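**Student:** got a predicted structure plus its sequence, pasted below:
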Amino acid sequence: MLKLFTPNEARQYVLEQRAAGKTTGLIPTMGALHQGHLSLAKRAQEHCDLTIATIFVNPTQFGPTEDLQKYPRTLSEDFELLDSIGTSAVFVPSADMIYPSDFSTYVDPPKVAETLEGICRPGHFRGVATIVLKLFQMLPATHAFFGRKDYQQLRVIESMVRDLNVGIEIIPCETIREPDGLAMSSRNRYLSIEERDRALAISRALIETKHQFDSGERSVAALKIQLNDTLLNGAKPRGVDRIEYAEIVDAETLLPIEEIDHRAVALIACYVGNTRLIDNVLLLP
């Protein structure tokens, strides 16, 4: 696996592959890799001639009270995992290469960033949009692969690519879960054994809500009662500690709806202990 450390060598590598007629799949990550990340790389391998992962803990998407400093950094293990599945290359830039001391240009995110995470984490999607567009510039791949677990992030990136005519195809990939249903996340390692058990209320809430929807319920108000009740009571001795949001919205715009007569999505952000977790499920009529 080729290791790339500067934007120039990364760009040159991708341009050489494209000049040779090869498709390139980009997998942007912040490291601390797990099977969810590896599933993106494997999907890219199925779809493209070459796969390139990036590892960069992006400071501009963390708020002042968020966990930038304690965000797990496991670079050696990440290299081993990517190499073990046959990833072609990995790009690991330093922070000063991405954000030099006089950096002042940011990407204003699209309208779909204004709700949910956009309210709870002001400035988060400006940081996401900026780093992702920069990665697309540094590594002009043909395709990029993003998981649906970060559903609003996916919609932000899809909208940005469309609005700014970026020449890359975004490939959404399914959420990868533990055998008991918990969505894989780098932050799961923060959970104690007891908190890990209680976090299962999140996937149970989504499963129960989808079951109610599949059984014919179309009222968002009724579905949200189920969603919130299972979040708070869906594990023993109790469920999550605090719900930041538990919403059912239009799957494209992420705006509120009252009845589900087209694609919708149920999205959750909540705390178990001090760990913030997110998850979602699509509701397709």
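**Tutor:** Nice, thanks for sending it over.
**Student:** any idea how far residue 120 is from residue 66?
**Tutor:** 11 Å (Cβ to Cβ, to the nearest Å). The C-beta positions use only the backbone N, C-alpha and C, and glycine is treated the same way.
**Student:** cool, residue 155 as well?
**Tutor:** For residue 155, the distance to residue 66 - Cβ to Cβ - is 21 Å.
**Student:** helices of this protein, start to end?
**Tutor:** 7-19, 35-47, 75-84, 95-98, 117-120, 124-138, 151-163, 193-198, 200-214, 220-233 (DSSP state H).
**Student:** tell me who's in contact with the most centrally placed residue in the chain.
**Tutor:** Nearest to the geometric centre of the chain sits residue 150, at 3.2 Å (Cα atoms, centre = their mean). For residue 150, the contact set (Cβ atoms under 8 Å, 6 or more residues apart in numbering) comprises residue 278.
**Student:** show the backbone phi and psi for it.
**Tutor:** phi -90, psi 70 (degrees, to the nearest 10).
**Student:** so what pLDDT did it get?
**Tutor:** pLDDT, residue 150: 98.
**Student:** now do residue 65
**Tutor:** So residue 65 comes in at 83 (pLDDT).
**Student:** over to residue 20?
**Tutor:** pLDDT, residue 20: 98.
**Student:** tally of neighbours for it?
**Tutor:** Burial measure for residue 20: 9 neighbouring residues, criterion other Cβ atoms under 10 Å.
**Student:** what's stretch 171-188 in contact with?
**Tutor:** By Cβ under 8 Å, 6+ apart, the residues outside stretch 171-188 that reach it are 25, 30-36, 39-40, 43-44, 47, 67, 71-72, 143-149, 154, 158, 196, 199-200, 202-204, 207, 275-280.
**Student:** filter the residues you listed down to the buried ones.
**Tutor:** Buried by 16 or more other Cβ atoms under 10 Å: 25, 30-34, 36, 39-40, 43-44, 71, 143-149, 154, 158, 196, 199-200, 202-204, 275-280, out of those.
**Student:** in this structure residue 270 contacts residue 243, no?
**Tutor:** Yes: the criterion here is Cβ atoms under 8 Å, and residue 270 meets it with residue 243 at 4.8 Å.
**Student:** what touches both of those two?
**Tutor:** Shared contacts of residue 270 and residue 243, counting by Cβ under 8 Å, 6+ apart, come down to residue 231.
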